[in-house]
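Visitor: sequence first, predicted model second:
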Amino acid sequence: MSRISSARMKELLRVYFVMGSANCVKAPEDTLQAALTGGVTLFQFREKGTGCREGAERIELARRLQKLCREHNVPFIVNDDVDLALEIDADGVHVGQDDEEAGMVRQRIGNRLLGISAHTIEEAVKAYEQGADYIGVGPIYPTRSKDDAEAVQGPGIIKAMREANIMLPIVGIGGITAANSREVVEAGADGVAVISAISYAEDVADSVRQLHNFKA
Ligand SMILES: Cc1ncc(COP(=O)(O)OP(=O)(O)O)c(N)n1
Ligand SMILES: Cc1ncsc1CCOP(=O)(O)O
Ligand SMILES: [Mg+2]
């Protein structure tokens, strides 16, 4: 299998659900099942934070969520943990600036999907050189889901990246809801990555459907 095309990656980024057990009101399997029914296009297993699963329990949870994604043909991305991604044969990995060096991650994962967090134009250029298939840019708006998040930048950072000729697929993240997703895409993002607007929604499937409405 060769590297994913930029066009296909952009389609997958449309509504990207990021989740771990710390983000769920119900069982993570139930939350993900509802989100898949609603039409998420990509999923990231981000098992961190208070009370998160560890060791064998973490791997078993990853496998159960991966199975659900496979049943819906939705690629399964692992946050931070390259060893776990390789162990369970995940579809890809997402790493940030403080994680394992992204160029090394690219070598380790072959043609699997690689997402890299970028907060500046310089980091976006470097992510391209390191072999990113997409960059995650944020927090765009204030978020309660990441204690160590960088400063909020607004959609303007995505516009600035596009004006600087960053052509990589971009997903905005941080505080994104159905009410503000359109301005993120209008700034140049190909899609939105979301934790709480999906995982804490009263009707999870419907929250995903609403997040799809940023384009006609
Ligand atoms: C799609 C997407 N974009 C950005 C991030 C943040 O990654 P990182 O900066 O490594 O922070 P953690 O998520 O690991 O706490 C992401 N996870 N996904
Ligand atoms: C993982 C991550 N990276 C930047 S902001 C963020 C948290 C996004 O969560 P929410 O969609 O609940 O604001
Ligand atoms: Mg990380």
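Guide: Sure, I can see it. Residues are numbered from 1 along each chain as shown. Ligands and ions are numbered 1, 2, ... in the order given.
Visitor: please count neighbours and contacts with C-alpha atoms only from this point.
Guide: OK.
Visitor: quick one: end-to-end length of stretch 182-194, please.
Guide: 14 Å (C-alpha to C-alpha, to the nearest Å).
Visitor: scratch that, stretch 194-211
Guide: Length of stretch 194-211, first residue to last, C-alpha to C-alpha: 9 Å.
Visitor: do that stretch and ligand 1 meet?
Guide: No: against ligand 1, stretch 194-211 shows no contacts by C-alpha under 6 Å from any ligand atom, the least distance being 8.2 Å.
Visitor: also stretch 151-170?
Guide: No: contact of stretch 151-170 with ligand 1 (C-alpha under 6 Å from any ligand atom) is absent, the minimum separation being 8.8 Å.
Visitor: buried sites along that stretch?
Guide: Judged by neighbour count using 16 or more other C-alpha atoms under 10 Å, the buried positions of stretch 151-170 are 152-155, 157-159, 161-162, 166, 168-170.
Visitor: now it: mean pLDDT?
Guide: Stretch 151-170 shows a mean pLDDT of 98.
Visitor: and E129, how far from E122?
Guide: Per C-alpha to C-alpha, E129 is found 11 Å from E122.
Visitor: and G154, by the same measure?
Guide: Per C-alpha to C-alpha, G154 is found 18 Å from E122.
Visitor: what does E202 give?
Guide: 39 Å.
Visitor: same thing with Q210?
Guide: From Q210 across to E122, the span is 33 Å (C-alpha to C-alpha).
Visitor: so which of the two has more stuff around it?
Guide: More crowded of Q210 and E122, by other C-alpha atoms under 10 Å: Q210, with 15 against 12.
Visitor: without its sequence neighbours, what residue ends up closest to the residue of the chain found nearest ligand 1?
Guide: Closest residue of the chain to ligand 1, C-alpha to the nearest ligand atom: G96 (3.1 Å). Nearest residue to G96 in three dimensions, chain neighbours excluded: S117, at 4.7 Å (C-alpha to C-alpha, 6 or more residues apart in numbering).
Visitor: correct me, but the one you found touches V137?
Guide: Yes: using C-alpha atoms under 8 Å, S117 is in contact with V137, at 6.0 Å.
Visitor: which element is M161 on?
Guide: Applying DSSP states H and E as the criterion places M161 in helix 156-163.
Visitor: what packs against that helix?
Guide: Where contact means 3 or more C-alpha pairs under 8 Å, 6 or more residues apart in numbering; DSSP states H and E, helix 156-163 is packed against helix 121-130.
Visitor: export the helix it packs on to CSV, keeping only CA atoms.
Guide: Extracted C-alpha coordinates of helix 121-130, given in CSV (Å, rounded to 0.1, in the frame of the first residue of the first chain):
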residue,chain,number,x,y,z
ILE,A,121,3.9,28.1,9.9
GLU,A,122,7.4,26.9,10.7
GLU,A,123,6.0,23.8,12.5
ALA,A,124,3.7,23.1,9.5
VAL,A,125,6.6,23.3,7.0
LYS,A,126,8.6,20.9,9.3
ALA,A,127,5.7,18.5,9.6
TYR,A,128,5.6,18.3,5.8
GLU,A,129,9.3,17.5,5.7
GLN,A,130,8.8,14.9,8.4
